[in-house]
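Undergrad: sequence? don't have it. structure:
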């Protein structure tokens, strides 16, 4: 059985999704809101967090590629698994047998796993799909629709997709509607596939006046197909989605949708997992269902801003002339929470209580500033949390419906109406400001990403890539690490070379960076000492992936996740480009037969080392080597044997040259040369003698070969290149004249 960490240590929670979180169409806001809730839980519990977020490497809409702790087809390896976490949260559907097998093996070992979505009998947090679908069908029924089409999810998903499909069939039966199989198509939770499925139904001639989709992305594709077929929404076809992602309210007309409390799902999944980690509680049979709620908008036929009459009036007593309003906090919390994405219900309840009390106090004291101050505090906190401000219009609607002062008190009703009107205007102005600020930020980010893309495209090596990344703080990204895989045996991801670029806060790529490089086994990520021990880390890991190529992964913090996929894709392309550039450069500098440097590269490096020797008065040695009687060897055994002899001799030289700064090159034919910066004549003599002796003793050749070697050096860098080469050549000639198989020096 799996043993969890000791209670005194900090727990690490991992998140895995069964699909690419960053797809071809847009980032998956579904996952984004779940991670927001999980982050809040991790902060409260002082937990580490590792998020494996897959990135689609193709333009194909329906991609099953996922970031997973497996090396297998259809999976991009990311080190978030049972070896570096204490428990895993899995977003279903998994959509792969190998990934399913991995999770089932962990469960069999007793490793804590919690699903978001259908867990097939395992601990899970999910929305009540049946209740949500029934709400949607019932709402359309109330609008008078009797032919309701359904866009189902994924045929390979036995979880939410199947449950929502069955719930649709049950709701059709419950409302006494005709069950017509022609009204059901699969959209695979994808915009493009849903467009095609809806277009197919419309062109087939099957009649329907409303359409319900398994998620909002499917609904947006369906809406486009409806419009392209010359039909109006909702006049000809009403549409309702599921999940109520931000994309829903931004449609034209705004999309009605079943609200899935995703933030709460992430938070509760963390809480459920912690029961097993912290207290060792059995959670095998636990399934937590979250209540859905219909967010009705124009796409289903509902009018915006529809309000009830002022019919809840509680008059004040004549004695105190104070006002009372009906209890509204619970209603307000439910209404606002049904459309919130990043604010948890407990916080919303606190704000609703504050708003209600401020409204009451403003009425009693005839002081409009009390409500103004409270509302602005709430709106500021909502903006900080990244929440859309329109949800607070719902709060004002509930407040106005809950109760107004009696008209018998002079001016009181008019004052209350004025307060509510000013509150609506204030929220509208804040919404406009939020939208304008978002547009400004997006324009700036687009500009910076465009600049980053062009700079990465032009990068020829890693230092230039790192200098380009110095601009990331300008778009709010202050943390980025790069891990490049290195194979070991049959394991293509055994180790990583881990690069930590210095992100210059000024954003200037011209400034010097202090980049760091580490190496360690991939599955030991993160190694001890990489992060401060006294602080928890919350990390998003994205694969550096190109079609058919996985280079490694990139690590961000979790503060600004919307831009991560674009940066990861650009980085992958830039790194691949620099690797290809380095390969081409190596080929242009390398002798094709012996795989050591060629004469052209030797001449470039020799000139640089001579200049350095002259400038800093540093020693420089040069060794020139020639194989003895190599023509006779070639004639006796043939050119292929001669080529193998040259390769063997090049390997002998490489084995004996032990300093990285020494340069070994093939000078031409059977002649080789070694440049030794910072080396004296004695050091060069020792190396030359080792090479001579090693070749003489070699048994890898068809016949014994020896070598003649000439050595020279300059102590103060006085000779020029031609002179030093001439001296080494004269020493080599001296060795040959003296009987070969020896080392001679100049003078």
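TA: Sure, I can see it. These figures come from a predicted structure and were not determined experimentally.

Undergrad: residue 173: neighbour count?
TA: By other CB atoms under 10 Å, the residues close to residue 173 number 11. (Each C-beta comes from the backbone N, C-alpha and C, glycine too.)

Undergrad: list the contacts of it.
TA: residue 179 (CB atoms under 8 Å, 6 or more residues apart in numbering).

Undergrad: how far off centre is the helix or strand harbouring it?
TA: Using DSSP states H and E, residue 173 maps to helix 160-174. How far helix 160-174 lies from its chain's middle: 34 Å, per CA atoms, centre = their mean, to the nearest Å.

Undergrad: in it, what counts as buried?
TA: Within helix 160-174, the residues that count as buried by 16 or more other CB atoms under 10 Å are 160, 161, 162, 163, 164, 165, 167, 168, 171, 172.

Undergrad: which is the next helix or strand following that helix?
TA: strand 184-186.

Undergrad: show residues contacting the helix or strand that comes right after that next one.
TA: Downstream of strand 184-186, the next assigned helix or strand under DSSP H and E is helix 191-204. Residues from elsewhere that reach helix 191-204 (CB under 8 Å, 6+ apart): 25, 61-62, 149, 151, 182-183, 185-188, 208, 211, 213, 217-222, 224-226, 228-229, 231.

Undergrad: for the closest residue to residue 565 other than its chain neighbours, give me the pLDDT.
TA: By the measure of CB to CB, 6 or more residues apart in numbering, the closest residue to residue 565 outside its immediate chain neighbours is residue 22, 3.4 Å from it. As predicted, residue 22 sits at a pLDDT of 84.

Undergrad: mind putting the buried residues of helix 160-174 into CSV with pLDDT and distance to residue 700?
TA: Supplementary listing: the buried residues of helix 160-174 in CSV, determined by pLDDT from 0 to 100; distance: CB to CB, whole Å:
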residue, pLDDT, distance to residue 700
160, 87, 65
161, 89, 64
162, 91, 66
163, 92, 69
164, 95, 70
165, 96, 70
167, 96, 74
168, 97, 75
171, 96, 80
172, 96, 80
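
Undergrad: picking up where we left off before, so which of the contacts of helix 191-204 are in helices?
TA: 217, 218, 219, 220, 221, 222, 224, 225, 226, 228 (DSSP state H).

Undergrad: in ChimeraX, how would I select the buried members of these?
TA: Selection of buried members from the ones in helices among the contacts of helix 191-204 for ChimeraX, criterion 16+ other CB under 10 Å:
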select :217,218,219,220,221,222,224,225,226
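
Undergrad: of the ones in helices among the contacts of helix 191-204, closest to residue 572?
TA: residue 217 (24.9 Å; CB to CB).

Undergrad: test my guess that the closest one contacts residue 247.
TA: Yes: taking CB atoms under 8 Å as the definition, residue 217 is a contact partner of residue 247 at 7.2 Å.

Undergrad: and for the residue nearest to residue 565, the neighbour number?
TA: 23.

Undergrad: and it, bridged to which residues?
TA: As for beta bridges, residue 22 partners with residue 27, residue 55 under DSSP bridges.

Undergrad: pretty sure it is touching residue 563, no?
TA: No: here residue 22 does not reach residue 563: they are 10.3 Å apart, not a contact under CB under 8 Å.

Undergrad: what sits closest to residue 146 if chain neighbours are left out?
TA: residue 177 (5.8 Å).

Undergrad: please tell me how far the one you found sits from residue 74.
TA: 39 Å (CB to CB, to the nearest Å).

Undergrad: tell me how many other residues crowd residue 52.
TA: Neighbours of residue 52 using other CB under 10 Å come to 26.

Undergrad: go ahead and confirm it touches residue 15.
TA: Yes: with contact defined as CB under 8 Å, residue 52 counts as touching residue 15 (6.5 Å).

Undergrad: do you know the pLDDT at the spatially closest residue to residue 195 that is not a sequence neighbour?
TA: In space, and not counting its chain neighbours, residue 195 is closest to residue 221: 3.9 Å by CB to CB, 6+ apart. Listed pLDDT for residue 221 reads 96.

Undergrad: tell me the contacts of the closest residue to residue 96 other than its chain neighbours?
TA: Distance criterion CB to CB, 6+ apart; nearest residue to residue 96, sequence neighbours excluded, is residue 74 at 5.7 Å. With contact taken as CB under 8 Å, 6+ apart, residue 74 is in contact with 64, 65, 66, 96, 98.

Undergrad: measure the second one to residue 79 for me?
TA: Separation of residue 65 from residue 79 (CB to CB) stands at 17 Å.

Undergrad: try the last one
TA: Computed with CB to CB, the distance linking residue 98 and residue 79 is 17 Å.

Undergrad: neighbour count: these two, which is higher?
TA: Neighbour count, other CB under 10 Å: between residue 98 and residue 79, residue 79 has more, with 23 against 14.

Undergrad: how is the protein carved up into domains?
TA: Domain ranges of the chain: 12-125+265-285, 127-261+292-300, 329-437, 599-745, per automatic domain parsing.

Undergrad: nearest to residue 489, of those?
TA: Closest among these, using CB to CB: domain 12-125+265-285, at 12.4 Å.

Undergrad: how far out from the middle of the chain is that closest one?
TA: With CA atoms, centre = their mean, you get 14 Å for domain 12-125+265-285.

Undergrad: ok, now stretch 249-266?
TA: Here stretch 249-266 is found 23 Å from its chain centre; the criterion is CA atoms, centre = their mean.

Undergrad: which members of the contacts of residue 74 are classed as buried?
TA: 64, 65, 66, 96.

Undergrad: redo the residues you listed as TSV? Include pLDDT and secondary structure.
TA: Shown next, in TSV, are the buried ones among the contacts of residue 74 (pLDDT from 0 to 100; DSSP: H, G, I helix; E, B strand; the rest coil):
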residue	pLDDT	secondary structure
64	73	coil
65	81	coil
66	90	strand
96	87	coil
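
Undergrad: which one of the residues you listed is nearest to residue 108?
TA: The nearest one, if we look at the buried ones among the contacts of residue 74 relative to residue 108 and count by CB to CB, is residue 96, at 18.0 Å.

Undergrad: from what I can see the closest one touches residue 76, true?
TA: No: here residue 96 lies out of contact with residue 76, judged by CB under 8 Å, at a distance of 11.8 Å.

Undergrad: overlap in contacts, those two.
TA: Going by CB under 8 Å, 6+ apart, residues that sit against residue 96 and also against residue 76 are 66, 68.

Undergrad: elements contacting the helix ranked longest in the chain?
TA: Criterion DSSP H: the longest helix present in the chain is helix 412-458. On a contact count with 3 or more CB pairs under 8 Å, 6 or more residues apart in numbering; DSSP states H and E, helix 412-458 meets helix 345-365, helix 368-384, helix 391-402, helix 462-469, helix 564-589.

Undergrad: by mean pLDDT, show me the worst of the ones you listed.
TA: helix 391-402 (a mean of 80).

Undergrad: how far is stretch 700-707 from where the chain is centred?
TA: 56 Å.

Undergrad: next: stretch 535-548.
TA: The mean C-alpha position of stretch 535-548 is separated from the chain mean by 5 Å, CA atoms, centre = their mean.

Undergrad: buried set for it?
TA: 536, 537, 538, 539, 540, 541, 542, 543, 544, 545.

Undergrad: is it possible to get CSV of the residues you listed that adds distance to residue 713 and pLDDT?
TA: Shown next, in CSV, are the buried residues of stretch 535-548 (distance: CB to CB, whole Å; pLDDT from 0 to 100):
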residue, distance to residue 713, pLDDT
536, 58, 94
537, 53, 95
538, 57, 96
539, 53, 96
540, 55, 95
541, 52, 96
542, 52, 95
543, 51, 94
544, 46, 92
545, 51, 85
